[in-house]
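Novice: can't give you the sequence, but here's the structure:
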């Protein structure tokens, strides 16, 4: 089945059929998703919480946060439902504990609240290198926020990304992060107006359209370019064309910090489900139809966009301009049920 | 349009037309408000939280708290929706981080829970000096609580205030703080009774009327004199007369700590919206009508008073004498919607 160019409802049906792992009585705890969100620092504790919480509410069995020691106690107080590990302490034992955890994970989210220090950039490089060398790059990594900052700043990180198998890394830049990545990848800047002040959405989307595809090719990653429409680009490979999905479902015009964290968490859960189907074949055999991993990953991103936008729409309908990130983030479970049943 | 002397409803309509930034799909996160509340110490963690939370519920996109390290973890646990930075650590690196944050902010609130130590007073001076010298005093600063204590104690702080452009600094003294500021500014003390025990409201208001105006002139700031009526004074300038607005909307007779923090937070959000309209012209062009920044700032203060009083009225109606600050503070979003729709 070719998913590209299909309407919204068919994409959701395809995700349900191919990506989502049904609840089966024979599955044991952890088979339906083990995800770690790597981020959280002295300055930022909300971001990794929102990402992990969204992932957990999507149905991920076990969701972890790995953060700096001075963020761990705070994140733990937000909820007892997540496991929070203070491994980002700059020591070798801390790193060993991280690698032991990563080995058990199906998906990583890298970057929410990670900070922009030299240590954070070096840490991003180490994690990418470890996943690539120890796990053949098969553990999908969703990179957002300060993780994207590190990718933009580090040529070494970009070299590592280029070696991952196609579709195993997802970048989720907003408008500012997108420009920073284009700059790092030597992609021509947008001609008109400053990126900090985008022009009206249709013009801006037309202008950046080609550049999203270019960025996906240059970094050899799936690039989810967030905006008034979310555009998801997969790079081409020896055997596959480049591909694109556009999600223009209604969201909310109120922008709150942490909406992007809900997105990474929901994508991470969908990627974990997809691995259960594609890599581990927990339902028996793969359904006929989707050609390769990248299609699963693209559908996972599309579902993440859909869930996040619908959460924003519902939260705004309820709270209006007072909408806070928790209002949106707490609705992930309800929206999952609305889209896919229980 | 001359807003002075206009009735309540016309003032709210003017604020809606001129100050409030509509939710536009082309705006990205952070354009509709970036505010930092500077305060929070070992003794006080609620005050900065209430101010920042009120600001966020008014619709500010990104709301930060900058506090002493021993207050940060506690404030973070109140909510994951605010960003809390432990930069007030008395070190040069802490100060550098603060300046980097201030650079991105549209409005500052200075003082809630800041403490009255020599370091807090020196910190108030540094922040005023920095905003004045590095940002030409264009970032509005709402000063309350221990920030007002610092202004009363420091001649240097008062010299700095006098150099800000008109209407960029708002002081929000209660009756005790007002007397302390008058004392510092050599304004004749109120003749009758002790300031700690004001006489009946009408008499007291009549007596202090002239002194509010005098204080605004002496400190070259907007002075919002809180009381049974809130009186908002703008100083005269070379081109503009002194001005006054009075807000006598019904509030509550139950006094809870933190009501003033709700006021500073809501004013800060309105000032951020006003800057988006006046300084950055994000809606395209300015509406015809308001003459200059001070009018935007005066309306912003007026809206803050209205929202806070209505929150107090509703909270008291619901909880009676048991009313707590959270009861009032949590209603900001609902009251915004009631006044301005969504």
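Specialist: Alright, I've got the coordinates. This is a predicted model, so every value here is computed, not measured.

Novice: For the stretch 1-150 of chain A, what lies in contact range of chain B?
Specialist: Contact residues (CB under 8 Å from any CB of the partner chain) of the stretch 1-150 of chain A with chain B: A:42, A:43, A:44, A:45, A:46, A:49, A:50, A:70, A:73, A:74, A:77, A:78. The way it works is simple: take the backbone N, C-alpha and C, and place the C-beta from them, glycine included.

Novice: swap the cut-off to 10 Å and go again
Specialist: Within reach of chain B by CB under 10 Å from any CB of the partner chain, the stretch 1-150 of chain A has these residues: A:42-50, A:53, A:70-71, A:73-79, A:113.

Novice: Which of those fall in helices?
Specialist: Among the residues of the stretch 1-150 of chain A next to chain B, the residues falling in helices (DSSP state H) are A:46-50, A:53, A:70-71, A:73-78.

Novice: Buried among the residues you listed? Make that a PyMOL selection.
Specialist: In PyMOL syntax, the buried subset of these is picked out as below (16 or more other CB atoms under 10 Å in any protein chain shown):
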select buried, chain A and resi 46+47+48+49+50+53+70+71+74+75+76+77+78
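
Novice: of all the ones in helices among the residues of the stretch 1-150 of chain A next to chain B, which comes closest to chain B?
Specialist: Taking CB to the nearest CB as the measure, chain B lies nearest residue A:46 of those, at 3.6 Å.

Novice: Contact partners for the closest one?
Specialist: By CB atoms under 10 Å, 6 or more residues apart in numbering or on different chains, residue A:46 lies in contact with A:40, A:74-75, A:78, A:112-113, A:257-258, A:261, A:325-326, A:329, B:76, B:79-84.

Novice: how about a cut-off of 8 Å?
Specialist: Going by CB atoms under 8 Å, 6 or more residues apart in numbering or on different chains, residue A:46 touches A:113, A:257, A:258, A:261, A:325, B:76, B:80, B:81, B:82, B:83.

Novice: Quick check, the second one in contact with residue B:61.
Specialist: Yes - the pair residue A:257 and residue B:61 passes the contact test of CB atoms under 8 Å, sitting 7.1 Å apart.

Novice: shared neighbours, the two?
Specialist: In contact with both residue A:257 and residue B:61: residue B:29, using CB under 8 Å, 6+ apart.

Novice: Now for residue A:155, how many residues are close by?
Specialist: 10 (other CB atoms under 10 Å in any protein chain shown).

Novice: now it: how far from chain B?
Specialist: The gap separating residue A:155 from chain B is 25 Å, by CB to the nearest CB, to the nearest Å.

Novice: Then residue A:54?
Specialist: 12 Å.

Novice: and the residue nearest to that residue when sequence neighbours are not counted, helix, strand or coil?
Specialist: Of all residues not flanking residue A:54 in the chain, residue A:265 sits nearest, at 3.0 Å (CB to CB, 6 or more residues apart in numbering or on different chains). Put simply, residue A:265 is helix when judged by DSSP: H, G, I helix; E, B strand; the rest coil.

Novice: Report whether the expected contact of residue A:265 with residue A:37 is present.
Specialist: Yes - with contact defined as CB under 8 Å, residue A:265 and residue A:37 form a contacting pair (7.2 Å).

Novice: Mind listing the shared neighbours of the two?
Specialist: A:51, A:52, A:55, A:109.

Novice: Closest to residue A:159 out of these?
Specialist: For the shared contacts of residue A:265 and residue A:37, the minimum distance to residue A:159 (CB to CB) is 21.5 Å, reached by residue A:109.

Novice: what's near enough to touch that closest one?
Specialist: Contacts of residue A:109 (CB under 8 Å, 6+ apart): A:35-39, A:51-52, A:55, A:141-144, A:264-265, A:268.

Novice: can you check residue A:87 too?
Specialist: Contacts of residue A:87 by CB under 8 Å, 6+ apart are A:66, A:67, A:94, A:95, A:97, A:98, A:101.

Novice: what about 7 Å?
Specialist: A:66, A:94, A:97, A:98 (CB atoms under 7 Å, 6 or more residues apart in numbering or on different chains).

Novice: Neighbour count added to those, as CSV?
Specialist: CSV is the format used below for the contacts of residue A:87 (neighbours: other CB atoms under 10 Å in any protein chain shown):
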residue, neighbour count
A:66, 28
A:94, 16
A:97, 16
A:98, 21
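
Novice: For chain A, which residue gets nearest to chain B?
Specialist: For chain A, CB to the nearest CB, closest residue to chain B: residue A:322, 2.3 Å.

Novice: For that residue, give me the pLDDT.
Specialist: Here the pLDDT value assigned to residue A:322 is 96.

Novice: Roughly how far does it sit from residue A:246?
Specialist: Residue A:322 is 30 Å from residue A:246, where distance means CB to CB, to the nearest Å.

Novice: Ramachandran angles for the nearest residue to residue A:153 once chain neighbours are set aside?
Specialist: Leaving aside its chain neighbours, residue A:153 sits nearest to residue A:121 (5.6 Å; criterion: CB to CB, 6+ apart). Main-chain dihedrals, residue A:121, degrees, to the nearest 10: phi -70, psi -40.
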